[in-house]
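**Q** Whatever this is, show me its structure:
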Amino acid sequence: MLVRVAVQPAQVIVPGVAATPWIPQGQVTELIGLIDTGASGTCITSTAAQMIGIRSRGKTNMSGVHGVAPRNRQRFTLGAIYDDAGERGYFWFEEVSGAEMANNGVFDVLIGMDVISQGDLHVMRDGQFRWVLG
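**A** Sure thing, here's the model as predicted:
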């Protein structure tokens, strides 16, 4: 299931300075996300990470159909885009610490259960779905 999502780099944490509630700063980038209930974690393509300006935060092991491979770890904030009576906005999820994945030409962000489970996903037999957030 493909959806449009909003993405920004993660907030910088400075030791000794109290964290403030996260509010999107600057430009929000809209990308294509794939909802994947079979994925435990959320990933972003290398092209999307580079375009947004996300810097690698070390390495992590990512398992997939081809086995386990080391990948760059990326921290970013992901938002669901909504339109409520003509008012467009974002529902921001908890910060993601995910792996960088190869480009695929179809989607930019693979949305795993770490994000999906922050809401209630209902999939109908006809292929439509409803993701209740908040």
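**Q** need the helices for the protein, in chain order.
**A** 46-52, 113-116 (DSSP state H).
**Q** Show me where the protein dips below the pLDDT cut-off.
**A** 11-26 (pLDDT under 70).
**Q** again, only using 50
**A** 19-22 (pLDDT under 50).
**Q** Longest strand in it, please.
**A** strand 67-84 (DSSP state E).
**Q** list the helices and strands it packs on?
**A** strand 2-9, strand 43-45, helix 46-52, strand 56-64, strand 87-92, strand 96-101 (3 or more CB pairs under 8 Å, 6 or more residues apart in numbering; DSSP states H and E). (C-beta placed from N, C-alpha, C; glycine too.)
**Q** Determine which of those approaches T77 most closely.
**A** strand 2-9 (4.9 Å; CB to CB).
**Q** Distance-wise, check Q128 relative to I32.
**A** Separation of Q128 from I32 (CB to CB, to the nearest Å): 18 Å.
**Q** and those two? which has more neighbours close in?
**A** I32 (14 against 9; other CB atoms under 10 Å).
**Q** could the helices of the chain go into JSON lines alongside distance to D83?
**A** Formatted as JSON lines, these follow (distance: least, CB to CB, whole Å):
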{"stretch": "helix 46-52", "distance to D83": "23"}
{"stretch": "helix 113-116", "distance to D83": "20"}
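**Q** roughly how far is the longest strand of the chain from the heart of the chain?
**A** 3 Å (CA atoms, centre = their mean, to the nearest Å).
**Q** Next, the angle from it to strand 87-92.
**A** Counting by axes from the mean of the first three to the mean of the last three CA atoms, to 10 degrees, strand 67-84 lies at 150 degrees to strand 87-92.
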